[in-house]
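Asker: Build me a model:
(one chain, ligands or ions: 1)
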Amino acid sequence: MTIENESVVNIEALLSEVDVAMRRLADGTYQLCAVCQAPIDRERLVDNPLLTTCVQHPQLNESDDHE
Ligand SMILES: [Zn+2]
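Answerer: Residues are numbered from 1 along each chain as shown. Below is the predicted model:
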């Protein structure tokens, strides 16, 4: 059984996101938007625990559907 390179890259990306989330948790900024420091909706965090931004500041790595 082999792990494809793409999977490894995805895992590494995920781990780095988790690392950022852990730091934000230690910082006390976990629930705050990285851009405007507004509190992030708890429902959205439950949905995606790695969120770092509020609804008004979509994460760069999410689909960039600019209006
Ligand atoms: Zn924001």
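Asker: Show me which residues of the protein sit near the ion.
Answerer: Contact residues, the chain versus the ion (CB under 5 Å from the ion): 33, 35-36, 38, 54, 56-57. Where C-beta positions appear, they are placed from N, C-alpha and C, glycine not excepted.
Asker: Wait, residue 44 touches residue 53, no?
Answerer: No: checked against CB atoms under 8 Å, the pair residue 44 and residue 53 is beyond contact range at 9.6 Å.
Asker: re earlier: so which of the residues of the chain next to the ion is surrounded by the most neighbours?
Answerer: residue 54 (19 neighbours; other CB atoms under 10 Å).
Asker: from memory that residue sits against residue 42, does it?
Answerer: No: with contact defined as CB under 8 Å, residue 54 does not count as touching residue 42 (11.9 Å).
Asker: just to revisit the earlier point, from the residues of the chain next to the ion, pick the one nearest residue 23.
Answerer: Nearest to residue 23 among those, counting by CB to CB, is residue 33 at 15.5 Å.
Asker: Excluding chain neighbours, what is closest to that closest one?
Answerer: For residue 33, ignoring the flanking residues on the chain, the nearest one in space by CB to CB, 6 or more residues apart in numbering is residue 54 at 3.8 Å.
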